[in-house]
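**Student:** Let's see this in three dimensions:
(one chain, ligands or ions: 2)
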Amino acid sequence: MKKIAVFTSGGDSPGMNACIRSVVRSAISLDLEVFGIKYGYDGMIRGEIKKMESQSVSNIVQTGGTILKSARSEEFRTKEGRKKAYENLKKHGIEGIVAIGGDGTFTGANLFYDEFGIPVVGAPGTIDNDLYGSDYTIGFDTAVNTALDAIDKIRDTAASHDRVFFVEVMGRHSGYIAIQSGIGGGAEMVMVPETSTTIDDVISKLREGRDNKKGSSIIVVAEGDAQGSAHEIAARVKIHTPNMDIKVTNLGHIQRGGAPTAFDRILASRLGLAAVEGLINGQKGVMVGVIDNKITYTNLKLSISKSKPLNQELVRLTKILSI
Ligand SMILES: Nc1ncnc2c1ncn2[C@@H]1O[C@H](COP(=O)(O)OP(=O)(O)OP(=O)(O)O)[C@@H](O)[C@H]1O
Ligand SMILES: O=P(O)(O)OC[C@H]1O[C@](O)(CO)[C@@H](O)[C@@H]1O
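**Tutor:** Numbers count the residues shown, from 1 in each chain. Ligands and ions are numbered 1, 2, ... in the order given. Below you'll find the predicted structure:
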């Protein structure tokens, strides 16, 4: 293998730049030519492919976002789109690709590998931490710390005014950010897509808190919770608790931005090198990850089809600590 390419796709996540840097510099160190594809699959289809040098990735290890830009590509979902993308890779003589993204990115990458046989190694870059085959994904730790910082600040007002706050965090299908920021932030309750919590459960918990002389409460809601958004949940709870002062904060995209934590920079750097070494050693159609702090390669089909269960120890801990 002589030429490889790297791209980022789906939602950006803090640490993607550290991973791009690692892929580029690892490839150069291992005598490969390396190309950067801009705007994910859209750029692959449009042919936005440029050779990268060591200095192309200077001064980015500490930055959020992605210097290669990202996109959610509709055209890549079509066979014609993927064919165009493959022709562009062929034109540049690219023999292997590193895809940095989430489960959607890997679903596309797996299809692409099946159709055209081009070796693909995925590096898990999403704040959701929802990929089977890695204990952690790039950006998750930073997102949790951002959410935690916000919850700490919200707690000041909650405590000063004896209020109930519903704080919505990201996680379309996964409650990882919610559970970790909830434990770290001392939340009274965490609502996640993986477990069912009813409105009656929420009301009982709040009443129990008042009976226990709790002045304020914080309930962290993952955006994908079955009961709806934090605003919807709060509105339904309010009907039954007219004497409680209830507020809602949606943390939104601030969780996806900012300087990556040390953990994310190191994780991203390790995964970048492992992705390149994987390609050189004949890995194809796999996602690189860390399990028990060791580098692993998991078949892409498994990483996208199997769900990563929420750590039940953390779920239990949340309940025990919130009395
Ligand atoms: N079934 C599919 N077939 C072909 N391409 C797909 C498929 N699913 C997703 N993709 C491609 O992967 C891109 C990224 O997927 P998606 O938008 O779901 O983000 P993601 O990688 O899951 O990241 P995040 O978890 O941050 O949202 C899509 O915009 C699309 O181009
Ligand atoms: O930027 P967009 O397209 O609104 O993406 C939001 C989604 O991306 C994720 O943050 C993952 O990156 C999800 O948790 C969230 O639902």
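
**Student:** buried sites along stretch 202-221?
**Tutor:** Of all the residues in stretch 202-221, those buried under the rule 16 or more other C-beta atoms under 10 Å are V202, I203, K205, L206, G209, S216, S217, I218, I219, V220, V221. Every C-beta, even on glycine, is put in place using the N, C-alpha and C of the backbone.

**Student:** okay if I get those residues as TSV plus distance to I154, pLDDT and secondary structure?
**Tutor:** Converted to TSV, these look like this (distance: C-beta to C-beta, whole Å; pLDDT from 0 to 100; DSSP: H, G, I helix; E, B strand; the rest coil):
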residue	distance to I154	pLDDT	secondary structure
V202	17	98	helix
I203	21	98	helix
K205	18	96	helix
L206	16	97	helix
G209	16	95	helix
S216	10	97	coil
S217	11	97	strand
I218	7	98	strand
I219	11	98	strand
V220	10	98	strand
V221	13	98	strand
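
**Student:** ok, so of these, who is nearest ligand 2?
**Tutor:** If you rank the buried residues of stretch 202-221 by distance to ligand 2 using C-beta to the nearest ligand atom, V221 comes first, at 12.7 Å.

**Student:** Is A259 inside a helix or a strand, and which specific one?
**Tutor:** Element membership for A259, per DSSP states H and E: none, as it lies in no helix or strand.

**Student:** Quick one: neighbours of it, just the number.
**Tutor:** The local packing of A259 (other C-beta atoms under 10 Å) involves 13 other residues.

**Student:** is it true that it touches Q62?
**Tutor:** Yes - contact criterion C-beta atoms under 8 Å: A259 and Q62 qualify, at 5.4 Å.

**Student:** Quick one: the buried residues of stretch 202-221 as JSON lines, columns for distance to ligand 2 too.
**Tutor:** Listed next are the buried residues of stretch 202-221 as JSON lines, based on distance: C-beta to the nearest ligand atom, whole Å:
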{"residue": "V202", "distance to ligand 2": "22"}
{"residue": "I203", "distance to ligand 2": "27"}
{"residue": "K205", "distance to ligand 2": "25"}
{"residue": "L206", "distance to ligand 2": "26"}
{"residue": "G209", "distance to ligand 2": "28"}
{"residue": "S216", "distance to ligand 2": "27"}
{"residue": "S217", "distance to ligand 2": "24"}
{"residue": "I218", "distance to ligand 2": "20"}
{"residue": "I219", "distance to ligand 2": "18"}
{"residue": "V220", "distance to ligand 2": "14"}
{"residue": "V221", "distance to ligand 2": "13"}
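
**Student:** This completes my enquiry, with thanks.
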